[in-house]
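Visitor: Predicted structure and sequence below. I'll ask about it afterward.
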Amino acid sequence: MVKAGLGLTRSVPTVVAGASGGIGQPLSLLLKSSPHVDELALYDVVNTPGVAADLSHISSPATVTGYLPADDGAKKAFKDADIIVIPAGIPRKPGMTRDDLFNINAGIVKGLIEVAAEVAPKAFILVISNPVNSTVPISAEVLKAKNVFNPQRLFGVTTLDIVRAETFVAQLVGEAQPQKLNIPVIGGHSGATIIPLFSKASPSVSIPDDKYDALVNRVQFGGDEVVKAKDGAGSATLSMAYAGFRFAEKVIRAVKGEKGLVEPSYVYLPGVPGGDAIAKQVGTDFFSVPIELGPNGAEKAVNPLEGITDKEKALLEKATAELKGNISKGVDFAHNPPQK
Ligand SMILES: NC(=O)c1ccc[n+]([C@@H]2O[C@H](COP(=O)([O-])OP(=O)(O)OC[C@H]3O[C@@H](n4cnc5c(N)ncnc54)[C@H](O)[C@@H]3O)[C@@H](O)[C@H]2O)c1
Ligand SMILES: O=C(O)C[C@H](O)C(=O)O
């Protein structure tokens, strides 16, 4: 274990699990750079002492500690954490779907959530590991089995889909400041389950009819674009670190009392205020919608469906059918994990 840094306040201890990976390292760098982060614990099966020592030399307030599996390292890293961000697991190679990662990543996520349930039962858990559509339901089932499931504290991180939508729309409409656009992307995090709602963009944008299908496709399959370009060396890591940080920092700021922070996330809707009606409308319990964040986590699910276009309704219908299968696969795994 490496321990370093000044750490003047310790109000929101934050953990990255999978911290030595392609996402984990730049995500940990961004968290270490944030003035909102006080205490950062890095957990991975390899290399965390080095990553922690390296980051600890940065002159920002957060203390940085690194943990490996030996000597109950996961428990030590997670103990009493407020925020646990999980990018642990294998990434895709060309030709794979996110669901192809299920067999390995389901077990990794299950194991990490079991530790969280035991030593940090009140933590806000942010799941990045794919397939998110299934790893979040797995996490919920594990937490339920340990009697510590609070749906307001479990988030599937879908922010990269929003970041991509902002970028691609800005390119199309000639907006030089993509970050000024707010485009809700709802549903799940894979292919057809990703539903960009351009009609709900703020400020409003006008997408030419002949460009609409290609734009939707690019948001839905932006991940494949990166996997193909990396040519066997993995999937999105830097844009994901940016997106994961954007979401994690908002949760941290909300937990510290800041108001008005909203970001879509894949949650268990019936357990989030305002979410039950949306779950009934879309026909599935796990679904990403804009979430108002606060000291209790997901304070309110915002219904994004009013006034959506017929094309968006068609996307929703297609998404829900696929999503249901992804969710039940995760739930089944949590109840009947394969015997080793
Ligand atoms: N939610 C999203 O939008 C999104 C975006 C990009 C990638 N991802 C997913 O994030 C995951 C990580 O991607 P990556 O590119 O960083 O992969 P990577 O292989 O570069 O890093 C993964 C890290 O997880 C670690 N790890 C493996 N098992 C672990 C365990 N039991 N406990 C702790 N750490 C463990 C590995 O040692 C490695 O350092 C993949 O599943 C990928 O598909 C999700
Ligand atoms: O595409 C992937 O497998 C990684 C991630 O989910 C992404 O959207 O980039």
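Guide: That came through fine. Ligands and ions are numbered 1, 2, ... in the order given.
Visitor: how deep is Ala233 tucked in, by neighbour count?
Guide: 11 (other C-beta atoms under 10 Å). All C-beta atoms are positioned from the backbone trio N, CA, C, and that covers glycine.
Visitor: In contact with the residue of the stretch 201-340 of the chain found nearest ligand 1, which residues?
Guide: For the stretch 201-340 of the chain and ligand 1, the shortest gap (C-beta to the nearest ligand atom) falls at Met240, measuring 3.8 Å. Contacts for Met240 (C-beta atoms under 8 Å, 6 or more residues apart in numbering) come out as 23, 27, 87, 128, 160.
Visitor: The residue in the stretch 1-150 of the chain positioned nearest to ligand 2 - how many residues pack around it?
Guide: Sorted by distance to ligand 2 under C-beta to the nearest ligand atom, the residues of the stretch 1-150 of the chain start with Arg92, at 3.9 Å. Applying other C-beta under 10 Å, we find 20 residues neighbouring Arg92.
Visitor: Wait, it touches Phe102, no?
Guide: No: using C-beta atoms under 8 Å, Arg92 is not in contact with Phe102, being 11.6 Å away.
Visitor: who wins for most neighbours among the contacts of Met240?
Guide: Ile128 leads those on contacts (other C-beta under 10 Å) with 32 neighbours.
Visitor: still on that earlier bit, near ligand 2 too, which of the contacts of Met240?
Guide: Here is what survives when the contacts of Met240 are matched to ligand 2 using C-beta under 6 Å from any ligand atom: Leu160.
Visitor: Redo the contacts of Met240 as CSV? Include secondary structure.
Guide: Compiled in CSV, the contacts of Met240 are given as follows (DSSP: H, G, I helix; E, B strand; the rest coil):
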residue, secondary structure
Ile23, coil
Leu27, helix
Pro87, coil
Ile128, coil
Leu160, helix
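Visitor: what about stretch 236-251 and ligand 2, any contact?
Guide: Yes: under the criterion of C-beta under 6 Å from any ligand atom, ligand 2 is reached by stretch 236-251 at Ala236.
Visitor: okay, that stretch in CSV with CA atoms only?
Guide: The C-alpha coordinates for stretch 236-251 follow below in CSV (Å, rounded to 0.1, in the frame of the first residue of the first chain):
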residue,chain,number,x,y,z
ALA,A,236,-12.6,4.0,-25.6
THR,A,237,-10.5,4.9,-22.5
LEU,A,238,-9.7,8.7,-22.7
SER,A,239,-13.1,9.9,-23.7
MET,A,240,-14.5,7.5,-21.1
ALA,A,241,-12.2,8.8,-18.4
TYR,A,242,-13.5,12.3,-19.3
ALA,A,243,-17.1,11.1,-19.2
GLY,A,244,-16.7,9.0,-16.0
PHE,A,245,-15.0,12.0,-14.3
ARG,A,246,-17.8,14.3,-15.5
PHE,A,247,-20.4,12.1,-13.9
ALA,A,248,-18.4,11.2,-10.7
GLU,A,249,-17.5,14.8,-10.0
LYS,A,250,-21.2,15.8,-10.3
VAL,A,251,-22.1,13.1,-7.8
